[in-house]
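Visitor: Coordinates for the following, if possible.
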Amino acid sequence: MSDLRTILLLSRMKLKDLGVKRFTEIELIAAANEGKNELAKIIRQAREDFFYKTATGTFSTTTAPNYSEITLPADFSQLKDIEVTTAGYEWTEFAPCDISDPRFKEAARYGGSYGGGSGTAYYDVVGNTKVVFAPGFDVALDYRMRYISVVPDLRYPTDTIAPIPLEHFDYIVTYVVAECMREGENPAYQLWLDKLERQKDMIVESINTVQIRDPKYVRGYMEEEGW
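Guide: This next block holds a predicted model:
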């Protein structure tokens, strides 16, 4: 098991902290999430596309001076690319542009003609919750979007470290113990740091030899708003 309760229990066992507790739950949970973040960083460095996901959806139609938008998945972290999958419209291009940029506002104001062959849309990620496009789409088009998913914080008691592979959760336990050793100025601290480095090397080797997982598809949807 790799849930937070198990991580904390194993950490306390290694710290010999099962009786009168020297470390609070808050301290251990904070250390566990620091370890989770470090583990995710190691995995990303070993294989950049490990946390890639794919979302699909449809742009609904709108008319100038409106823009279009799609709602991002809850686990969205960073947009990698987006493309139109409707046959005959694959040539549609997307250019990043801040929503406050005059070019973005002008495109939304005057509209476009995707159905007539004008296929360039400015886009901006707003608040990590939606992507806004200008000019708005005058024809309904299907899209596919690739993005990097976030690794959410662990919350007590049953949260797991998904989407991190379960076989690597012991790195978090080692990280928690090392952090407690550091805080307590324990002379064994360096030994646990060395263990972290060994585990890091094994994780990198494991990730580099694992076959890429099949992409996961989640449905997105679009809402229209007036400009």
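
Visitor: In this protein, what residue spans correspond to helices?
Guide: Applying DSSP state H to the chain gives helices spanning 4-15, 25-46, 102-110, 170-183, 189-209.

Visitor: which of these is buried the deepest?
Guide: helix 170-183 (a mean of 21; mean count of other Cβ atoms under 10 Å). Where you see a C-beta, it was placed from the backbone N, CA and C, and this is true even at glycine.

Visitor: Just the CA atoms of that helix, as PDB, please.
Guide: Coordinates of each C-alpha in helix 170-183 appear next as PDB, following Å, rounded to 0.1, in the frame of the first residue of the first chain:
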ATOM      1  CA  ASP A 170       9.400   4.100  -0.300                       C
ATOM      2  CA  TYR A 171      11.400   7.100  -1.500                       C
ATOM      3  CA  ILE A 172       8.900   9.300   0.300                       C
ATOM      4  CA  VAL A 173       9.300   7.300   3.500                       C
ATOM      5  CA  THR A 174      13.100   7.800   3.200                       C
ATOM      6  CA  TYR A 175      12.700  11.500   2.600                       C
ATOM      7  CA  VAL A 176      10.400  11.900   5.700                       C
ATOM      8  CA  VAL A 177      12.900  10.100   7.900                       C
ATOM      9  CA  ALA A 178      15.900  12.100   6.500                       C
ATOM     10  CA  GLU A 179      14.000  15.400   7.000                       C
ATOM     11  CA  CYS A 180      13.200  14.400  10.600                       C
ATOM     12  CA  MET A 181      16.900  13.400  11.100                       C
ATOM     13  CA  ARG A 182      17.900  16.800   9.800                       C
ATOM     14  CA  GLU A 183      15.500  18.700  12.100                       C
END
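
Visitor: Which residue ranges make up the domains of this structure?
Guide: The chain is divided into the following domains under automatic domain parsing: 4-48+151-209, 52-149.

Visitor: Make JSON lines from those and add mean pLDDT to it.
Guide: Below are the domains of the chain laid out as JSON lines (pLDDT from 0 to 100):
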{"stretch": "domain 4-48+151-209", "mean pLDDT": "89"}
{"stretch": "domain 52-149", "mean pLDDT": "88"}
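
Visitor: which one of the helices of the chain lies closest to Ala121?
Guide: Ala121 lies closest to helix 102-110 among these, at 7.7 Å (Cβ to Cβ).

Visitor: what does the closest one contact?
Guide: The contact list for helix 102-110, computed with Cβ atoms under 8 Å, 6 or more residues apart in numbering, reads 64-67, 97-98, 121-122, 124, 134-136, 227.

Visitor: In those, find the pair that's most separated.
Guide: Among the contacts of helix 102-110, Ala64 and Asp98 lie farthest apart (Cβ to Cβ), at 19.8 Å.

Visitor: out of those two, which sits in the busier spot?
Guide: Counted by other Cβ atoms under 10 Å, Ala64 and Asp98 do not tie: Ala64 has more neighbours, with 17 against 11.

Visitor: OK, contacts around the more buried one?
Guide: Here Ala64 is in contact with 108-112, 135-136 (Cβ under 8 Å, 6+ apart).

Visitor: now do Val132
Guide: By Cβ under 8 Å, 6+ apart, the contact list for Val132 reads 67-69, 99, 123-124, 126.

Visitor: Bridge partners for it, pull those for me.
Guide: Beta bridges link Val132 to Glu69, Asp124 when assigned by DSSP bridges.

Visitor: Check the gap between it and Pro65 for me.
Guide: In this view, Val132 and Pro65 are 13 Å apart by Cβ to Cβ, to the nearest Å.

Visitor: roughly how far out does stretch 104-122 sit from the chain middle?
Guide: Mean C-alpha position of stretch 104-122 versus that of the full chain (Cα atoms, centre = their mean, to the nearest Å) differs by 30 Å.

Visitor: Right, I'll leave it there.
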